[in-house]
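In: attaching a predicted model along with its sequence, questions to come.
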Amino acid sequence: MFVFGAGNFGRETRDAVIASGHEISGFVSDVQLHRESPIPVRLFDGSAPPIDTTIVVAVADSTSRSEIVVRLQAAGWRFGTVIHPHSVTGSGVQMEEGCIVLALSYLSTDAVLKRHVHINYGVTFGHDSVAEDFVTVLPNATVGGGVSLQRGATVGSGAVILPGLTIGEGAVIGAGAVVTKDVAPHTIVVGVPARILRLTDGRV
């Protein structure tokens with residue numbers, strides 16, 4: 001298995017790959033690293049992958065991740081899934097290709113992770129909640145039961161989303177925020193209780 005992205009999350013993902021018993025073949029990156037890496041780094045030039053390999057995209061930004069996935073698909077790469085053995089997965093959990101689940105996270109009963117979702121370490125993801133494609137949930141966040149995280153939404157470190165809410169496409173929940181009502185698409189919310197800071201395109 002290869003890991004696309006050799007930054008901070010890429011290195012954490014590498015550790016999860018190793019812990020889960022996969023053989024890691026190396027990093028794939030768009031840029032040359034300016035530090036030494038104990039694992040080979042393959043620059044991505046659009047060429048076909050090695051035979052019988054898979055890849056996960058360990059790039060935290062949802063928009064960048066989706067763009068990288070399109071390029072990798074065009075080159076013929078197949079996507080794997082990484083689940084750290086020190087995470088907990090409840091009964092009925094569904095998980096699609098490209099997902100990364102780090103240590104000490106808890107996916108509760110009948111939760112659903114769509115394509116290329118990132119669940120960072122220490123996350124609690126409630127029963128029947130759904131994370132659509134390219135959602136990112138950062139460390140120690142709590143997503144209540146029955147929550148809908150729509151495509152490309154990001155939940156900040158330590159944030160809490162109360163049960164049954166909908167977080168719109170591309171929305172960003174700030175670190176430590178407590179979300180008590182639905183969040184509109186492409187909106188950044190912060191604070192306790194969470195309030196609108198601005199839209200993600202910079203409009204207030």
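Out: Great, that's in hand. Numbering: from 1, shown residues only.
In: what comes into contact with stretch 127-137?
Out: Residues from elsewhere that reach stretch 127-137 (C-beta atoms under 8 Å, 6 or more residues apart in numbering): 60-63, 65-66, 90, 108-120, 123, 125, 143-155, 169. C-beta coordinates here come from the backbone N, C-alpha and C atoms, glycine included.
In: strand partners (parallel or antiparallel) of the helix or strand of the chain with the lowest mean pLDDT?
Out: Least confident helix or strand of the chain, by mean pLDDT, DSSP states H and E, is strand 41-43 with a mean of 80. When pairs are called by DSSP bridges, strand 41-43 turns out to pair with strand 26-29 (parallel).
In: return the distance of the partner strand from the chain's centre.
Out: In terms of C-alpha atoms, centre = their mean, to the nearest Å, the centre of strand 26-29 is found 18 Å from the chain centre.
In: in this structure, which helix is the longest?
Out: Counting by DSSP state H, the longest helix found in the chain is helix 62-75.
In: what comes up buried for it?
Out: Neighbour-count burial for helix 62-75, with 16 or more other C-beta atoms under 10 Å as criterion, is recorded at 62, 65-66, 68-69, 72.
In: centre of the chain to that helix, how far?
Out: Once both centres are worked out by C-alpha atoms, centre = their mean, helix 62-75 turns out to sit 14 Å from its chain's centre.
In: then stretch 42-56?
Out: Relative to its chain's centre, stretch 42-56 lies at 20 Å (C-alpha atoms, centre = their mean).
In: before we move on, what about stretch 148-155?
Out: Average the C-alpha atoms of stretch 148-155, do the same for its chain, and the two points are 10 Å apart (C-alpha atoms, centre = their mean).
In: picking up where we left off before, please pick the buried ones from the contacts of stretch 127-137.
Out: In terms of neighbour count (16+ other C-beta under 10 Å), the buried residues within these are 60, 62, 65-66, 108, 110-120, 123, 125, 143-155, 169.
In: just to revisit the earlier point, and which of the buried residues of helix 62-75 is nearest residue 97?
Out: Of all the buried residues of helix 62-75, the one with the least separation from residue 97 (C-beta to C-beta) is residue 69, at 9.6 Å.
In: if I look at that closest one, how far off is residue 152?
Out: Applying C-beta to C-beta, to the nearest Å, the value for residue 69 to residue 152 is 12 Å.
In: tell me the domain ranges of the chain?
Out: Taking automatic domain parsing as the domain assignment, the record places the domains of the chain at 2-80, 83-199.
In: residue 112 bridge partners, please.
Out: When bridges are called by DSSP bridges, residue 112 pairs up with residue 94, residue 130.
In: so what's it scoring on pLDDT?
Out: What the model reports for residue 112 is a pLDDT of 98.
In: mind listing the helices for the protein?
Out: When assigned using DSSP H, the helices of the chain occupy the ranges 8-19, 62-75.
In: dump those into CSV; add mean pLDDT as well.
Out: What follows is the helices of the chain, written out as CSV (pLDDT from 0 to 100):
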stretch, mean pLDDT
helix 8-19, 94
helix 62-75, 94
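In: and those as a markdown table, adding distance to residue 42?
Out: Conversion of these to a markdown table gives the following (distance: least, C-beta to C-beta, whole Å):
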| stretch | distance to residue 42 |
| --- | --- |
| helix 8-19 | 13 |
| helix 62-75 | 12 |
